[in-house]
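Undergrad: quick one: sequence plus predicted model below, questions after.
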Amino acid sequence: MDTATSVRSHCVGTTAVVYASDYLNKLTGEKIERECRRQLDSGCRALVIDFADTQLVNSIGISILLGIIDIAEKNNAQVVFADVNNQTVELFKMLGLTRHVALAKDEEEALSTLSGFNPTPITH
Amino acid sequence: MEPSTQKLIHTFGALADLGQEVASAGDFNEMVRTSLHLLLGTLALRRGAVAECVDEGKLHGVAVWGLDDGLLTKFSICDADKTELRESQQTLLVLEDKNSFLDRHRDTLASEGIELAVPMIVRDELTGFVLLGGKASRESFSADDFETIRAMVRHIGVGIHTHRLIEQVAQRAEENRRLYEELRAIYRDTVRAFAAAIDIKDKYTQGHSERVGRYSEIIARELGWGEDEVEGIQIAGYLHDVGKLVVDRNIINAPYHIDAKQSSELNRHPVAGYEILSPINHPYADIPLMAKYHHERLDGRGYPDGLVDEQIPLGAKIVSLADSFDAMTTDRPYRRRRSFEDVVRDLRQNTGKQFDGKVVIAFARALLKEVTGEAKERRIIKMLGKGYLDGEQVPTLLSDLISELSSAQSNAATSS
């Protein structure tokens, strides 16, 4: 587990699992974004953002999540949101985020969803 | 929860956060960046920019998200654009719409996936643009979306406009401060030149006014006065003898003790000084009064008004001691300067009669700090000249004077 930033994360193969905090706002959102960028830069090909602890996502949080989706798309990496509470799922659906990411019940399901994903290798 | 209700709550939350952000006094760029995030996050837009109008129609991207920075170098505004936007009063431009502004810029904006250009017009002035595009839902913008965008862009525009106004005010204030400093420096230099002119009239006391100014400043600083007051007393010291300009040069330069008539003529100089200085609007308080009362004594035997102790302004008491100390420690036409031991004896004897105890203590303390090396600069010692304070007894003389006057002061305070 990486503790270099204050965001919890770990890697399962080429998939990075990043844990969101209880309130996804500007401060915590930017930390997650930095961690996702770092994981993608270091060769990860898929991101699982685990929302198990997340109670609330505000507008800035949405914008930052869209930024993460953009970066992942540019890196040909897939993004799965795991363990999202009902209220936040409704928000993501309403705003169209679910058109760009898969939702999974929990981290385990997210990882198994991704095991069928075969990304194109990135050449630098 | 109904999706429409949830959207409303989400939008209200963003508007509340935006209001707080725009009103915050934090970093400007960070405020704009956060505001853009709030706007993008409200409608789940994948790209956007807040661009500010700068010189010659160019736009500066204060915050850019999901876009190539190069867009803003290609998108610039001409006078025709400004006129059209002002006259049409359009608050939101959809790229698909038909108008000549969009005809000029459609290709540039569309190439980066921009769908909406929202001018920020505050007080009839085009502050900049908010450019938006890439709705995550891939749906078209609704009328509600447009209203939300207009409301949020108005907030951001006002935030930028207010920030620029504050910047201008701060810049003006800084310019004024610099001008004021320059004026003060000119005033100080003029006063010093004037002091030199006063002293030239008296060939035996050249540099006297300058030294009185410096002694006064040192005493005031030792008494804990503020910087402005210290500067003021220094100026008062420089100008305390300005009234001598109207006294006959032969009386001032008489190489012997002058007679009663001449003395009365000479004693006019504090009032003459007051009359010269009063019409001037000095940047410091009470300078004319300090000149007028620098020959008053605590026992009421001074001139021009025979004031006693508390009737005499503290500034005048300081200038009085500085003046007398310089007179005692410099050569005069009819006598050599007095030894330091003799000067200390005079101060001891005349404290409470001619001099104020706390002023004498402050001066002795400042001098003692120089003698013992506690003070960084040896300004008094320098003015007194080489060798004058070389005696081993000097620190003791000063310490004794300070402790004696201090106990006299505490006794007086106890008995009263």
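TA: Looks like it arrived, so ask away. Residues are numbered from 1 along each chain as shown, chains lettered A, B, ... in the order given.
Undergrad: and the strands in the chain, which stretches?
TA: All of this is about chain A. Assigned by DSSP state E, the strands in chain A fall at A:9-12, A:15-19, A:23-24, A:46-50, A:56-57, A:78-82, A:102-104.
Undergrad: wrong one, I was asking about chain B
TA: Counting by DSSP E, the strands of chain B are B:45-53, B:59-65, B:93-94, B:116-122, B:125-135.
Undergrad: mean pLDDT for those strands - can I get that in TSV?
TA: Conversion of those to TSV gives the following (pLDDT from 0 to 100):
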stretch	mean pLDDT
strand B:45-53	93
strand B:59-65	90
strand B:93-94	92
strand B:116-122	92
strand B:125-135	91
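Undergrad: sorry, back to before: among the strands of chain A, which is nearest chain B?
TA: When these are compared for distance to chain B using CB to the nearest CB, the nearest one is strand A:56-57, at 8.8 Å. For the C-beta atoms, the positions are set from N, CA and C on the backbone; glycine is no exception.
Undergrad: for whichever residue of chain A sits closest to chain B, what are phi and psi?
TA: Of all residues in chain A, residue A:96 sits closest to chain B, at 2.6 Å by CB to the nearest CB. Note on residue A:96: its backbone torsions stand at phi 90, psi 10 [degrees, to the nearest 10].
Undergrad: ok, it - how many residues close by?
TA: Other residues within reach of residue A:96, judged by other CB atoms under 10 Å in any protein chain shown, total 18.
Undergrad: so what are the sheet partners of the lowest-mean-pLDDT helix or strand in chain A and their directions?
TA: Least confident helix or strand, chain A: strand A:23-24 with a mean of 82, by mean pLDDT, DSSP states H and E. The pairing partners recorded for strand A:23-24 under DSSP bridges are strand A:56-57 (parallel).
Undergrad: now the strand it pairs with: mean pLDDT?
TA: Regarding strand A:56-57, the rounded mean pLDDT is 90.
Undergrad: which other residues reach it?
TA: A:22-24, A:65, A:88, A:91 (CB atoms under 8 Å, 6 or more residues apart in numbering or on different chains).
Undergrad: what of stretch B:212-224?
TA: Residues contacting stretch B:212-224 (CB under 8 Å, 6+ apart): B:192, B:195, B:229-231, B:233-238, B:240-241, B:315, B:318-319, B:321-323, B:325-326, B:358-359, B:362-363, B:365-366, B:379-380, B:383.
Undergrad: also within reach of chain A: list those from those residues.
TA: Here nothing survives when these are matched to chain A using CB under 8 Å from any CB of the partner chain.
Undergrad: Produce a PyMOL select command limited to the buried residues of those residues.
TA: A single PyMOL command selects the buried members of the contacts of stretch B:212-224 (16 or more other CB atoms under 10 Å in any protein chain shown):
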select buried, chain B and resi 192+195+229+230+231+233+234+235+236+237+238+240+241+315+318+319+321+322+323+325+326+358+359+362+363+365+366+379+380+383
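Undergrad: keep only those of the contacts of stretch B:212-224 that are in helices.
TA: B:192, B:195, B:229-231, B:233-238, B:315, B:318-319, B:321-323, B:325-326, B:358-359, B:362-363, B:365-366, B:379-380, B:383 (DSSP state H).
Undergrad: contacting residues around the nearest residue to residue B:352 once chain neighbours are set aside?
TA: Distances taken as CB to CB, 6 or more residues apart in numbering or on different chains put residue B:298 closest to residue B:352, at 6.2 Å, once the chain neighbours are dropped. Counting by CB under 8 Å, 6+ apart, residue B:298 makes contact with B:308-309, B:312, B:317, B:352-356.
Undergrad: with neighbour count added, can I get these in a markdown table?
TA: Listed next are the contacts of residue B:298 as a markdown table, based on neighbours: other CB atoms under 10 Å in any protein chain shown:
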| residue | neighbour count |
| --- | --- |
| B:308 | 14 |
| B:309 | 13 |
| B:312 | 22 |
| B:317 | 25 |
| B:352 | 17 |
| B:353 | 11 |
| B:354 | 21 |
| B:355 | 24 |
| B:356 | 21 |
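Undergrad: and the pLDDT for residue 29?
TA: Using chain A here. pLDDT at residue A:29 comes out at 88.
Undergrad: sorry, I should have been clearer: chain B.
TA: Residue B:29 is given a pLDDT of 90.
Undergrad: tell me how many other residues surround it.
TA: Residue B:29 has 12 neighbours, counted by other CB under 10 Å.
Undergrad: show the contacting residues for it.
TA: B:62-63.
Undergrad: centroid residue for the chain?
TA: You didn't pick a chain, so chain A it is. residue A:49 (3.1 Å; CA atoms, centre = their mean).
Undergrad: sorry, I should have been clearer: chain B.
TA: Mean-position check on chain B, CA atoms, centre = their mean. Result residue B:177 at 6.3 Å.
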